[in-house]
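**Q** Mind folding the following:
(one chain, ligands or ions: 1)
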Amino acid sequence: MNVEHWIGGERVPSAGRFEDRSPIDGSVLAHVARGGPEEAALAVRAATGAFPAWARTSREERARLLHAVADAIERRAGELAMLETTDNGALLRSHLRSVMPRVAHNFRFFADWLLELDHAAFDTRGHANHVSWDPAGVAVLITPWNAPLMLATWKIAPALAAGNTVVLKPAEWSPLTASLLGDITAEAGLPDGVFNVVQGHGTEVGPPLSGHPGVRRISFTGSVATARAIAAAAAPNLTPLSLELGGKSPLLVFADADLDLAADLAAEQYDNAGQVCLAAVRLLVEESVSAAFLERFLARAATLRQGDPRDAETDIGPQIHPRQFGKIDGFVRRAVAAGATPVLGGGPNPDLGGLYYQPTLLTGVKPGSEILTEEVFGPVLTLQTFAHEEEAVTMANSTDYGLAATVVTGSPSRARRVSGRLVAGTVWVNCFFVRDLRAPFGGARRSGVGREGGNWSFDFYCDVKNTVSAP
Ligand code: NAD
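**A** As a prediction, the model looks like this:
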């Protein structure tokens, strides 16, 4: 199968192509158009041309069209789920049950929120202030492979609702559902050029998109290293950026916690084969309960089944790509060489081969070592103990990241105290991954710049204007 760009409502090829392989068995799924500066310019031109009419389209009509996109996604949810699973190796079960419904919800939520946006009005010495959220122009959206369509539509939906036109650059390891979204938006009646997809390698098509002077917003989800490159390319134009980056989140288990709950929450960190930015990969457990916690955790982890992600019984699928697989194994090997003990897993799955990496838990890790400070982005957790609350907070905050944190405790006052001191964009207390699109989402420190969600999304994607009128 050949996959082309989606520009101005048409399929556009490139001279070059790259292979897209399935992480399940390494088979070639598609030959994908390999975009560069020319295709980036073409897509921005198409989006710029479509912008004035889309920006003038009434809110009600924009919202109606976004609901039509959601309808089309729901109609094709099975197809999208299978396509995503074959392309990125994440569980079909999750795609069917939660991911594709969330993809449709992204469009419905921001369509409805647009209609509720409060055009604040107030009076200054008889002069009327009127605040409006004006469309900004072309938004470039650059997204990763770990939850391709979910993360892309979390940006596409508010950008379009705001009245902007969009150029999406999906990850080269998972290009397929973004491509299908082109057809879906056309089917739903979105005008040509309002939504565009440019395929290609990040290093080739990314810089001409990020550095394009006609682009008014860039929203990026991915690694810190790429965020730096994008920020540098955007700097000459001072293009506003929203950056949702990596993490090294802690899960704190206090002695007063429900240890069964703590073990369940810890085992949940292997979801998506550990390829989750928010994953609480550093288990920090109060000394007095660490043995009891570990016993429960290992019992829980032993029930997890690794295998083909299309199988409904599978809990953990393959890693996305040989490069990522090698990176994960390198982290584990170096940690073990430095004295860590793999009390669970510790290497490739010998029965399954391929890109299947065993869920791993390391104890005895060296304080300050890379396994505790750098993002592995695989099914690898570490366990450390703490003596008291003060030490727990210090350990939790001891990385350059600040995306999320999870606190497990039976004490509401401790929960409040500790959450207040954690450096994180999101703190979960006695739960994990409960997301509400009305809430701000983003990271502290190197986990990101800015917040999206609810009004925060519209504040970013719009030019917020105040008009003051004399009496
Ligand atoms: P990545 O940074 O390698 O790539 C992300 C995207 O950037 C891809 O589309 C890639 O092609 C593109 N890209 C690469 N180089 C570029 C350049 N020079 N200019 C412009 N674009 C370029 O990240 P990844 O490996 O695809 O994803 C994993 C990372 O994403 C992890 O760090 C993870 O924590 C993070 N992530 C964060 C969130 C969040 O919401 N905070 C969510 C999911 C993933």
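
**Q** Tell me which residue of the stretch 51-200 of the chain lies closest to the ligand.
**A** residue 144 (3.1 Å; C-beta to the nearest ligand atom). (C-beta placed from N, C-alpha, C; glycine too.)

**Q** Thought residue 462 was touching residue 135, still the case?
**A** Yes - Residue 135 is in contact with residue 462 according to C-beta atoms under 8 Å; the separation is 6.5 Å.

**Q** what's the overlap in contacts for those two?
**A** 162, 163 (C-beta atoms under 8 Å, 6 or more residues apart in numbering).

**Q** check contacts around the residue of the stretch 51-200 of the chain closest to the ligand.
**A** Shown in contact with residue 144 (C-beta under 8 Å, 6+ apart): 151, 171, 221, 222, 223.

**Q** Just to be sure, it is in a strand?
**A** No - secondary structure of residue 144 (DSSP: H, G, I helix; E, B strand; the rest coil): coil, not part of a strand.

**Q** Please report phi then psi for it.
**A** With angles defined as degrees, to the nearest 10, residue 144 sits at phi -100, psi -170.

**Q** Mind pulling up the pLDDT for the closest residue to residue 307 other than its chain neighbours?
**A** Closest residue in space to residue 307, ignoring its immediate chain neighbours: residue 314 at 4.4 Å, by C-beta to C-beta, 6 or more residues apart in numbering. At residue 314, the model reports a pLDDT of 98.

**Q** give me the element residue 199 is part of.
**A** Counting by DSSP states H and E, no helix or strand carries residue 199.

**Q** Quick check: can you name the pairing partners of the helix or strand that residue 218 is a member of and their directions?
**A** Assessed by DSSP H and E, residue 218 sits inside strand 215-221. Looking at strand 215-221 with DSSP bridges, its partner strands are strand 138-142 (parallel), strand 241-244 (parallel).

**Q** Beyond that strand, next helix or strand please.
**A** helix 224-234.

**Q** what does the stretch 51-200 of the chain put close to the ligand?
**A** Residues of the stretch 51-200 of the chain lying near the ligand by C-beta under 6 Å from any ligand atom: 142, 143, 144, 145, 146, 151, 169, 171, 172.

**Q** what residues are up against the residue nearest to the third one when sequence neighbours are not counted?
**A** The reference is to residue 144. The shortest distance from residue 144 to any non-neighbouring residue, by C-beta to C-beta, 6+ apart, is to residue 222 (4.7 Å). Residues near residue 222 by C-beta under 8 Å, 6+ apart: 142, 143, 144, 171, 244, 245.

**Q** wait, doesn't the fourth one sit right on residue 149?
**A** It stands for residue 171. No - counting by C-beta under 8 Å, residue 171 does not reach residue 149; the two are 11.2 Å apart.

**Q** hang on, the earlier thing: next up, phi/psi of the residue nearest to residue 144, please.
**A** Torsion angles, degrees, to the nearest 10, at residue 222: phi 170, psi -150.

**Q** For residue 405, give me phi and psi.
**A** Residue torsions, per degrees, to the nearest 10, at residue 405 are phi -150, psi 150.

**Q** Repeat that for the one 10 residues further on.
**A** Main-chain torsions, residue 415, degrees, to the nearest 10: phi -60, psi -50.

**Q** can you offset everything so residue one is 18?
**A** Sure, I'll start numbering at 18, so the last one becomes residue 432.

**Q** thinking again about what came up before, most tightly packed of the strands paired with strand 232-238?
**A** strand 155-159 (a mean of 28; mean count of other C-beta atoms under 10 Å).

**Q** For that strand, which outside residues touch it?
**A** With C-beta under 8 Å, 6+ apart as the criterion, strand 155-159 contacts 61, 64-65, 68, 169, 172-173, 176, 181-186, 219, 223, 226-227, 229, 231-239, 243, 247, 478.

**Q** cool, stretch 40-49 as well?
**A** 18-20, 34-39, 102-106, 189, 192-193, 216-217, 325-327, 334-338, 371-372.

**Q** Now, these that are in helices?
**A** 102, 103, 104, 105, 193 (DSSP state H).

**Q** In this model residue 189 seems to touch the fourth one, though I could be wrong.
**A** No - contact criterion C-beta under 8 Å: residue 105 and residue 189 do not qualify, at 11.6 Å.

**Q** contacting residues for residue 83?
**A** 124, 125, 127, 128, 174, 177, 178 are the contacts of residue 83 under C-beta under 8 Å, 6+ apart.

**Q** Out of the residues you listed, which comes closest to residue 360?
**A** Nearest to residue 360 among these, counting by C-beta to C-beta, is residue 174 at 42.3 Å.

**Q** Show me which of the contacts of residue 161 is closest to residue 276.
**A** Checking the contacts of residue 161 against residue 276 with C-beta to C-beta, the nearest one is residue 168 at 33.0 Å.

**Q** Neighbours of the closest one, how many?
**A** 22 (other C-beta atoms under 10 Å).

**Q** From residue 387, how far out is it?
**A** 26 Å (C-beta to C-beta, to the nearest Å).

**Q** need the strands paired with strand 232-238 in a markdown table with mean pLDDT, can you?
**A** What follows is the strands paired with strand 232-238, written out as a markdown table (pLDDT from 0 to 100):
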| stretch | mean pLDDT |
| --- | --- |
| strand 155-159 | 99 |
| strand 258-261 | 98 |
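
**Q** between the ones you listed, which gets nearest to residue 425?
**A** Between residue 425 and these, the shortest separation by C-beta to C-beta is 25.2 Å, and it involves strand 258-261.

**Q** now what about the closest one, what contacts it?
**A** 234-239, 244, 247-248, 251, 294, 458-460, 464-469, 477.

**Q** how about 6 Å then?
**A** For strand 258-261, contacts defined as C-beta atoms under 6 Å, 6 or more residues apart in numbering pick out 235, 236, 237, 238, 244, 251, 465, 466, 467, 469, 477.

**Q** Show me what the longest helix seen in the chain packs onto, helices and strands only.
**A** When the chain is parsed with DSSP H, its longest helix is helix 54-73. In terms of contacts (3 or more C-beta pairs under 6 Å, 6 or more residues apart in numbering; DSSP states H and E), helix 54-73 is packed against strand 22-24, strand 155-159, strand 182-186, strand 212-214, helix 219-227.

**Q** Let me have these in TSV, adding distance to residue 146 as columns.
**A** Output for the helices and strands packed on helix 54-73, formatted as TSV (distance: least, C-beta to C-beta, whole Å):
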stretch	distance to residue 146
strand 22-24	40
strand 155-159	27
strand 182-186	29
strand 212-214	34
helix 219-227	35
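
**Q** Quick one: closest of these to residue 376.
**A** helix 219-227 (28.7 Å).
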